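A.B. asks: I need the structure of the sequence given here:
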Amino acid sequence: MGVIEYVLGGVLLLAAIFLVVVVMLQDKAKRGLSGAIAGGSEGSYLGKNGGAAQKKGKFLSTTTTIVAIVFVVIVVITYLLA
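C.D. replies: Have a look, this model is predicted:
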């Protein structure tokens, strides 16, 4: 194995660990159709006025998307080089 494979493997491992941590930090509130049926947080005081919790949730969601895309790109690059 070359140095590139080791570096990509290390980056892939770090991205995987970071992805798991970011997903675990996300809010456990109900979203989507199940949230609409069961009564999500849209009708609550915090849901109407935003707040730090909503900003944190959006930041974590965006971070999860970015890290997942980076993870997939690294996997494809590693596959193509191997």
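A.B. asks: Nearest the geometric middle of the chain, what residue?
C.D. replies: Of all residues in the chain, the one closest to the mean position by CA atoms, centre = their mean is T64, 1.7 Å from it.
A.B. asks: Would you mind naming the helix or strand containing that one?
C.D. replies: helix 52-81 (DSSP states H and E).
A.B. asks: same question, I4
C.D. replies: Per DSSP H and E: helix 3-25 holds I4.
A.B. asks: show me the contacts for the residue nearest to the centre of the chain.
C.D. replies: L19, V22, V23, Q26 (CB atoms under 8 Å, 6 or more residues apart in numbering). For the C-beta atoms, the positions are set from N, CA and C on the backbone; glycine is no exception.
A.B. asks: quick one: contacts for the second one?
C.D. replies: Counting by CB under 8 Å, 6+ apart, V22 touches L60, T63, T64, V67.
A.B. asks: Neighbour-wise, give me the winner out of these.
C.D. replies: V67 (18 neighbours; other CB atoms under 10 Å).
A.B. asks: quick one on the thing from earlier: so which bits of the helix holding T64 are buried?
C.D. replies: G57, L60, T63, T64, V67, F71, I74 (16 or more other CB atoms under 10 Å).
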